[in-house]
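Undergrad: got a predicted model here, sequence first, then my questions.
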Amino acid sequence: MASEKPFLFVSYTGKDKSWAVWVATVLERAGLRVKIQEWDVPVGANFVEWMDTQVGAARWTVALYSRAYFDSQWCTTEWTAALARRNLLPIRIEPVKPPAILRALSWVDLFGLDESQAEEAILHAVRARIRPRLGSFPGKATDQTRSPSDAAGNFSRSSRRVPPTRRTKATSTTARASSAGSSGFAERSGDLVSQQIRDPRESVDGLRGNADFRWERFDSAAYVDHNYRTVRADDQQILERVRDHFAGHFEKQWIRGPASGLTGADLGAGPNLYPALSMLPWVESLHLVEYSPANCEWLRGEVKFYGPNWDPFWDVLTQQPAYADVEDPRIRLETAASITQESLFEPRREIWDLATMFFVAESISSRPEEFTAAVDGFVDALRVGAPFAAAFMERSTGYEVGTEFFPAVPVSLDDVKARLGGRTRAVVERIGLADNPIRDGYTGMIIALGVKTAR
């Protein structure tokens, strides 16, 4: 039913109705479902009750910032509720300074742009498809050459997005994806294989490479909601093993954290913070490497003050004293972490003192050589003596995201052992299917814990 589908609620004051109608028109043209007072309040309905229902049910509340907006009691109620739900998407239609509590959020500026630039800025923010323009733009034309990406660039810290529909060269893959359930989106993020390494002969054997698939739809919020709303039994087993591995390796290292001088990294981070949290006590700096722009935006927002759903993951870690000694993991993560948008296959040589790579290498392609290149690149980036943790989906047959199919290499325990065996000393273990598998089409998970021993 249409009423069950996710929608965006446009929050605005009556003085800005022309802007609200135009923004809603742009979003609907892009194929998104929108609720707006001007169009959707039934005759005779209780407006206060209707508004409360929309704000509570909306996946995103698009707030049109203006002086009148912040002077409005009703609008204040709307943005306060959306802020509490962590689904506020702010758009400034005039140069107004938001209240202090909202200044930690980034926003899109539409003022000073012509219609085409403003439409690009909105769709860049929500990652939607541009369709032919209709309707009337209420702003003024301008000769400014400000680009859409500049206009929307200060929005990069927001952690909630409508999935992109633009075609890209190649974006992230996911290893744990759900072909069922209400979200219909990818469920575990990874990274990409650069097109530069593709062999033009790759289609001869019938296997398709990373760049042969469409990766443009990804909703970080839906992904986290499906995978990390609670700690799954299999994730807890993995987290416990990673925790004990790192704690055992560093047990004689008395200098930790900012004074340690150590550099850590999570390769193909995606919208998953627990690998980063597992390295937190030991590092001075922590690099979250991810190719997907949407996932990078989510990471930038989340590391600033991560959501309460990650607290149970941290609780699992604090059963080891080194983690319990971290006074405030949120502040520590914000201080240590940086997000780098890079290909998984960017050459890296011995730059990390410890690292993780979770559910990435086996799910970027159906070609085994690309799995091999991903694992080898991860090991390349470790310094000799560096501990690491890597996780894989076992014998994945690929997965559906919405109406799209995405690839996987059906790796086994022996495949992972063979790939890591030459230059590392690792314990590779299988974790069986949980009572509630993420999806069909895989037989379990594989966790590899080790140390790099040779170049």
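TA: Sure thing, it's come through.

Undergrad: can you show me the helices along the stretch 301-450 of the chain?
TA: For the stretch 301-450 of the chain, the helices defined by DSSP state H, counting those that start in this stretch occupy 311-317, 321-324, 329-336, 368-380, 413-421.

Undergrad: return the most buried member of these.
TA: Highest mean neighbour count among the helices of the stretch 301-450 of the chain (mean count of other Cβ atoms under 10 Å): helix 368-380, with a mean of 20. Where C-beta positions appear, they are placed from N, C-alpha and C, glycine not excepted.

Undergrad: check which helices and strands it is in contact with.
TA: Helix 368-380 sits against strand 354-358, strand 387-394, helix 413-421, with contacts defined as 3 or more Cβ pairs under 8 Å, 6 or more residues apart in numbering; DSSP states H and E.

Undergrad: state the distance from Arg423 to Arg439.
TA: According to Cβ to Cβ, to the nearest Å, Arg423 and Arg439 sit 32 Å apart.

Undergrad: next, the contact list for Gly432, please.
TA: Residues counted as contacts of Gly432 (Cβ atoms under 8 Å, 6 or more residues apart in numbering) are Gly444.

Undergrad: and the pLDDT for it?
TA: pLDDT for Gly432: 92.

Undergrad: what does the lengthiest helix in the chain contact?
TA: Across the chain, the longest stretch assigned as helix under DSSP state H is helix 233-249. Under the criterion Cβ under 8 Å, 6+ apart, residues 228, 231, 274-275, 278-279, 281-282, 313, 316-317, 319-320, 322-323, 354, 356, 387, 389, 391, 429, 431, 433-435, 445, 447, 449, 451 lie in contact with helix 233-249.

Undergrad: just the buried ones out of these, please.
TA: Buried members of those, counted by 16 or more other Cβ atoms under 10 Å: 228, 231, 274-275, 278-279, 281-282, 313, 316-317, 320, 322-323, 354, 356, 387, 389, 391, 431, 445, 447, 449, 451.

Undergrad: identify the bridge partners of Glu394.
TA: Gly444 (DSSP bridges).

Undergrad: now it: how far from Tyr223?
TA: 21 Å.

Undergrad: ok, the two, which is more surrounded?
TA: Tyr223 (28 against 20; other Cβ atoms under 10 Å).

Undergrad: right, and Tyr274 touches Asp311 too?
TA: No: counting by Cβ atoms under 8 Å, Tyr274 does not reach Asp311; the two are 11.2 Å apart.

Undergrad: pLDDT-wise, which helix or strand of this protein ranks last?
TA: Ranked by mean pLDDT, DSSP states H and E, the weakest helix or strand in the chain is helix 148-152, scoring a mean of 33.

Undergrad: helix or strand next in line after it, which one?
TA: Where DSSP states H and E defines the elements, the next helix or strand beyond helix 148-152 is helix 220-227.

Undergrad: and that following helix, C-alpha only, in CSV?
TA: Output of helix 220-227 as CSV, limited to C-alpha atoms (Å, rounded to 0.1, in the frame of the first residue of the first chain):
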residue,chain,number,x,y,z
SER,A,220,22.8,4.1,5.1
ALA,A,221,19.9,4.6,7.6
ALA,A,222,18.0,1.6,6.3
TYR,A,223,21.2,-0.5,6.3
VAL,A,224,22.0,0.3,9.9
ASP,A,225,18.4,-0.2,11.0
HIS,A,226,18.4,-3.7,9.5
ASN,A,227,21.8,-4.8,10.7
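
Undergrad: what is it packed up against?
TA: helix 293-302.

Undergrad: any idea how far the helix it packs on is from the chain center?
TA: Put simply, helix 293-302 sits 5 Å off its chain's centre (Cα atoms, centre = their mean, to the nearest Å).

Undergrad: export that helix to PDB, keeping only CA atoms.
TA: C-alpha atoms of helix 293-302 as PDB (Å, rounded to 0.1, in the frame of the first residue of the first chain):
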ATOM      1  CA  PRO A 293      30.000   9.000  -1.200                       C
ATOM      2  CA  ALA A 294      26.800   8.200   0.600                       C
ATOM      3  CA  ASN A 295      28.600   6.000   3.100                       C
ATOM      4  CA  CYS A 296      31.300   8.600   3.600                       C
ATOM      5  CA  GLU A 297      28.600  11.200   4.400                       C
ATOM      6  CA  TRP A 298      27.000   8.800   6.900                       C
ATOM      7  CA  LEU A 299      30.400   8.100   8.500                       C
ATOM      8  CA  ARG A 300      31.200  11.800   8.800                       C
ATOM      9  CA  GLY A 301      28.000  12.400  10.600                       C
ATOM     10  CA  GLU A 302      28.100   9.300  12.800                       C
END
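
Undergrad: that one vs helix 220-227, what angle?
TA: Relative orientation of helix 293-302 versus helix 220-227 (axes from the mean of the first three to the mean of the last three Cα atoms, to 10 degrees): 80 degrees.

Undergrad: please renumber the chain so that the first residue is 8 from this point on.
TA: With the count now opening at 8, the last piece we talked about shows up as helix 300-309.

Undergrad: check which helices and strands helix 300-309 sits against.
TA: helix 227-234, strand 292-297, strand 344-348.
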